[in-house]
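Colleague: Here is my input; please provide its structure:
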Amino acid sequence: MDKKYIPEKHRIGTAGHILYHDFILKQDLTFAEVARRMGTNPGTVSDLIDNCRNITSAMADKLVTAFPETTAEFWKGLKPNKLRHHKGKAKADLYW
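Modeller: Purely as a prediction, here's the structure:
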C-alpha cells in the first residue's frame with residue numbers, strides 16, 4: 001500500500017502555503033522543477049504559491065503528478081484562497 005501525505009493536524013494555511021512549505025521547501029525543489037513535473041510553467045507554480053490561482057480539479061491532478069504521495073482530493077480539500085485584486089493583479093487574503 002502506498003503511503004499518502006497527511007498534513008500536520010494543526011496546519012493552518014492556504015493551498016499555496018502548504019505547497020511551498022510542506023512540499024517545495026522540504027524536497028528542496030525549484031519552481032522550474034515543480035513546473036516540469038506538473039507539465040506547466042514556473043509562473044503557474046508561482047501563482048499557486050502566491051495564492052493568485054485556485055486549485056481546480058485539473059490543477060489538482062497536475063499537483064498529484066508532481067507529488068505522487070498526495071491525492072487530488074487532498075489538494076481540492078485545502079482551504080480555498082480568497083482572491084482579491086490590487087492594482088490590476090490578483091492578491092490573496094492570507095490565513096497564516
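Colleague: any idea how far residue 67 is from the residue lying closest to residue 72 once chain neighbours are set aside?
Modeller: Of all residues not flanking residue 72 in the chain, residue 60 sits nearest, at 4.1 Å (CB to CB, 6 or more residues apart in numbering). C-betas here are computed from N, CA, C, even on glycine. Distance from residue 60 to residue 67, counting by CB to CB, to the nearest Å: 11 Å.
Colleague: again, but for residue 43
Modeller: The gap separating residue 43 from residue 67 is 19 Å, by CB to CB.
Colleague: these two touch, right, the residue nearest to residue 72 and residue 75?
Modeller: Yes. With contacts counted by CB atoms under 8 Å, residue 60 reaches residue 75, the gap being 3.9 Å.
Colleague: re earlier: neighbour count: residue 43 and residue 67, which is higher?
Modeller: More neighbours surround residue 67 than the other of residue 43 and residue 67, with 21 against 12 (other CB atoms under 10 Å).
Colleague: Can you report phi and psi for that one?
Modeller: phi -130, psi 80 (degrees, to the nearest 10).
Colleague: thought it was touching residue 24?
Modeller: No. Assessed by CB under 8 Å, residue 67 is found out of contact with residue 24, at 9.4 Å.
Colleague: Let me see the ranges of the helices in the chain.
Modeller: Along the chain, counting by DSSP state H, helices occupy 15-18, 31-38, 42-49, 57-66, 72-77.
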